[in-house]
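Undergrad: predicted model, plus sequence, below.
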Amino acid sequence: MRRRRISTTVLGAGFGTAVLVTALAVPHPATAGPKVGQLLTGPEAGQALTEPEVGQALTGGRGGGWHGAGWRDGPPTVDPADVRFERRTLRTGRPQEVGLLPEYVDRLRTDAEAYLSPTPDHPNFPTYAGAVLLAAKDGVVVRHEAVGTAVKYSEVGAAPGRVGVELPADQQIPMRKDTIFDLASISKLFTTVVVLRQVERGTVELDAPVVRYLPEFAAGGKEAVTVRMLLTHTGGLPAFAPLWSRYPTPEAREAAALATPFAAGASPGNQYVYSDLGLIALGVLVERVTGSPLEELVATEVTGPLRMVDTGYNPAPAVRPRIAATEYQPYADRGMVWGEVHDENAWALGGVAGHAGLFSTANDLAIFCQMLLNGGEYRGARILRESTVRDMLANYNAHLESGYPESDRGLGVELHKHWYMSGLASPVTFGHTGFTGTSIVVDPLSHTFLILLTNRVHPDRNWGSNNVARRALARDLAYASPVRSPLGGTAWRADDRDGGSVTLTAPLRRAAGRASVASFRLWYDTEPRYDVLHFQTSADGGETWAPVDVTLVGPAGRWTAEGSVTGYGGRRWWQAFAELPARTTDLRWSYTTDGSAQGRGVYVDGLLVVGTNGLLFSGEGTDATRFTATGWTPSPT
């Protein structure tokens, strides 16, 4: 850790002025700490104080404090109003051009290739036969790669082995950057955009009952279900119904989808159940309102204006060699599905449905992602209003989070899903996955997106999910954006460990006396509720630990963490202050994680502890080597 000379600053407001110690980056340490109460800046330099108060913010002049800061009601958050739209046209460039660390961008291909074979986190089968990835920031495509095989297997052996039968080598087709993939549920985003264009025109109202446009939807008591509820998956519909096997014709299957009653115990707006049936209904709804088929609406309203030349339903036989094969489906008398939609219900509905059926490439999807980052426009084609894109990113299911932790949803898009967004996640990060192994993640705060297209169901869906690969690549791109401390040098960083507990301990030079204060800088971004950083003190040399409150101060205000933090940390460094109990001997940061998915991580820097009995710990000075780190490492910032 870089050593720094110890200095003091003042944060004062309200009921008094507090003296809190911070560190300024200089090459040599101080040999003794300042006396508690010494005032080096402020309205009356040199004035002695009697007792520090932790975390008070400066509300007057600039004077070295936080100008204009005030109390927050709780931890930091962000909403669609905070998103900045900037019009950009995609181009290819180097990671350094947009401030990314190239070593992490390079890992995207390395990690994508690793999952072509069994891995410790996906041990029994390869995660996928092949993949195409595309990563971009600020309109610059920094990596576009193809790995593995688009068409590899002819069939699957019987259970329990489910061994894939490979095609002869000369019949296998390598993955290409322009390989066309069955997008599966990413198709829902295009249905959503078509619906929202009708909302903008006034022909559809989000809070109108669906029965206004589809009277037959009332079957099963669904009269109160609204268009918004279908977009947010809160309408109470079941997740799925095997329309393809229960009904004989596309017309009968569509009618059955619309007539499906509520899931058991469900009611409009009171639960979250991800439902294909709701999006099937929305596809029919826009067809009914406009008088045009869904495939025509997607082509004329979205893909055509955006010049997405490889995106559409029911691809022509001529492009079949460019299409990634999906699953062996002998149960549906289909054999190896290749060149037609994988989803059985979409296939049985003629290849076009609101929930699935669209095919596309990484290049085309990059245009779609950049259009949304631009606020609904790309290369002069206005697809959605900026206000509509902001509406898409609001979490309409926040009231359901306690009962349905995975319910965070905007209009058609998923929000804040660490299980595939990893370190790119934030309350306004949006995206979607597809059952065939596809996903997009769009982070509007950093103007970054990641597209991962795989044929993970080729040859068999039972070979497993590709979520481990989705997280690995999202983590690579997230880490490519450096976390730089305002103090420079290195900071302590908690290691990535799923299902782990790591600790960083600072043993004080002597037990804390009256009015002892710890000051440090903190950067954190974790999976909410599941990955938690705890602040703790010990009065018996580390035998037992107790939580300690920490006040976090930043340019926009301050708030108090009652012993721990979790979730979105504002993507910024916080100046943290903790008033230590008398007789404290040790200070500790303990980071615990669940079994999968993490955020960007946790960093601690610049620890300094002072009290009435002098300097107790200087983490950037003479005590730099006294930390006890278990699962924490010094990391460049």
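TA: Looks like it came in fine. Numbers count the residues shown, from 1 in each chain.
Undergrad: for residue 401, which non-adjacent residue is spatially closest?
TA: Take residue 401 and drop its neighbours on the chain: the residue closest to it by C-beta to C-beta, 6 or more residues apart in numbering is residue 407, 6.0 Å away. All C-beta atoms are positioned from the backbone trio N, CA, C, and that covers glycine.
Undergrad: was I right about residue 308 contacting residue 368?
TA: Yes: with contact defined as C-beta atoms under 8 Å, residue 308 counts as touching residue 368 (6.8 Å).
Undergrad: what touches both of these two?
TA: Residues touching both residue 308 and residue 368 (C-beta atoms under 8 Å, 6 or more residues apart in numbering) are residue 302.
Undergrad: separation between residue 635 and residue 485?
TA: The spacing between residue 635 and residue 485, counted by C-beta to C-beta, to the nearest Å, is 10 Å.
Undergrad: neighbour count winner among the two?
TA: Per other C-beta atoms under 10 Å, whichever of residue 635 and residue 485 has more neighbours is residue 485, with 20 against 16.
Undergrad: so that one sits in a helix?
TA: No: Residue 485 is assigned coil when assessed by DSSP: H, G, I helix; E, B strand; the rest coil, not a helix.
Undergrad: leaving out chain neighbours, which residue sits closest to the spatially most central residue of the chain?
TA: By C-alpha atoms, centre = their mean, the mean C-alpha position of the chain lies nearest to residue 425, the distance being 1.8 Å. Nearest residue to residue 425, sequence neighbours excluded (C-beta to C-beta, 6+ apart): residue 418, at 4.9 Å.
Undergrad: tally of neighbours for that neighbour?
TA: Residue 418, neighbours per other C-beta under 10 Å, totals 24.
Undergrad: isn't it right up against residue 427?
TA: No: contact criterion C-beta under 8 Å: residue 418 and residue 427 do not qualify, at 11.7 Å.
Undergrad: isn't residue 518 up against residue 575?
TA: No: contact criterion C-beta under 8 Å: residue 518 and residue 575 do not qualify, at 11.5 Å.
Undergrad: those two: who's more crowded?
TA: Using other C-beta under 10 Å, the more surrounded residue of residue 518 and residue 575 is residue 518, with 29 against 22.
Undergrad: give the pairing partners of the helix or strand containing that one; include direction for each.
TA: Residue 518 belongs to strand 516-525 when elements are defined using DSSP states H and E. According to DSSP bridges, strand 516-525 forms sheet pairs with strand 574-580 (antiparallel), strand 601-611 (antiparallel).
Undergrad: mind checking those strands for the one nearest to residue 461?
TA: Evaluated with C-beta to C-beta, those place strand 601-611 nearest to residue 461, the distance being 32.7 Å.
Undergrad: distance of the residue nearest to the centre of the chain relative to residue 610?
TA: As for residue 425, its distance to residue 610 is 37 Å (criterion: C-beta to C-beta).
Undergrad: can you check residue 310 too?
TA: From residue 310 to residue 610 the distance is 63 Å (C-beta to C-beta).
Undergrad: which one of the two has more residues nearby?
TA: Legend: neighbour count by other C-beta under 10 Å for residue 310 and residue 610, higher for residue 610 (30 against 19).
Undergrad: and that one, what's its pLDDT?
TA: At residue 610, the predicted lDDT confidence score is 97.
Undergrad: and it, what are its bridge partners?
TA: residue 517, residue 615.
Undergrad: coming back round to it: now for the helix or strand just after the strand holding residue 518, which elements pack on it?
TA: Counting by DSSP H and E, the element after strand 516-525 in chain order, helix or strand, is strand 532-538. Counting contacts by 3 or more C-beta pairs under 8 Å, 6 or more residues apart in numbering; DSSP states H and E, strand 532-538 is packed against strand 546-547, strand 564-566, strand 574-580, strand 586-592.
Undergrad: for the stretch 101-250 of the chain, which segments count as helices?
TA: Per DSSP state H, counting those that start in this stretch, the stretch 101-250 of the chain has helices spanning 102-114, 187-201, 227-232, 243-246, 250-259. These are given in chain order.
Undergrad: same list (those) but as CSV, adding mean neighbour count, mean pLDDT and distance to residue 398.
TA: CSV is the format used below for the helices of the stretch 101-250 of the chain (neighbours: other C-beta atoms under 10 Å; pLDDT from 0 to 100; distance: least, C-beta to C-beta, whole Å):
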stretch, mean neighbour count, mean pLDDT, distance to residue 398
helix 102-114, 17, 98, 32
helix 187-201, 23, 98, 19
helix 227-232, 24, 98, 11
helix 243-246, 16, 98, 32
helix 250-259, 17, 98, 29
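Undergrad: which residue is the nearest non-sequential neighbour of residue 311?
TA: Once flanking residues are discounted, residue 311 sits nearest to residue 360: 4.1 Å by C-beta to C-beta, 6+ apart.
Undergrad: picking that back up, do you know how far the residue nearest to residue 401 is from residue 465?
TA: For residue 407 relative to residue 465 (C-beta to C-beta), the value is 20 Å.
Undergrad: more neighbours, the two?
TA: residue 407 (23 against 16).
Undergrad: was I right to think that one contacts residue 399?
TA: No: with contact defined as C-beta under 8 Å, residue 407 does not count as touching residue 399 (9.1 Å).
Undergrad: quick revisit: would you list the phi and psi of the residue nearest to residue 425?
TA: phi -60, psi -20 (degrees, to the nearest 10).
Undergrad: nearest residue to residue 408 in space, please, no chain neighbours.
TA: residue 415 (4.3 Å).
Undergrad: residues in contact with that neighbour?
TA: Going by C-beta under 8 Å, 6+ apart, residue 415 touches 393, 395, 408-409, 427-430.
Undergrad: shared neighbours of residue 635 and residue 485, anything?
TA: Common neighbours of residue 635 and residue 485 are listed as 491, 603 (criterion: C-beta under 8 Å, 6+ apart).
Undergrad: let me know the pLDDT of residue 5.
TA: 31.
Undergrad: report the contact partners of the closest residue to residue 361 other than its chain neighbours.
TA: Nearest residue to residue 361 in three dimensions, chain neighbours excluded: residue 310, at 4.5 Å (C-beta to C-beta, 6+ apart). The contact partners of residue 310, taken as C-beta under 8 Å, 6+ apart, are 178, 180, 319, 359-361, 363-364.
Undergrad: and the strands in the stretch 201-350 of the chain?
TA: For the stretch 201-350 of the chain, the strands defined by DSSP state E, counting those that start in this stretch occupy 312-313, 328-329, 335-336.
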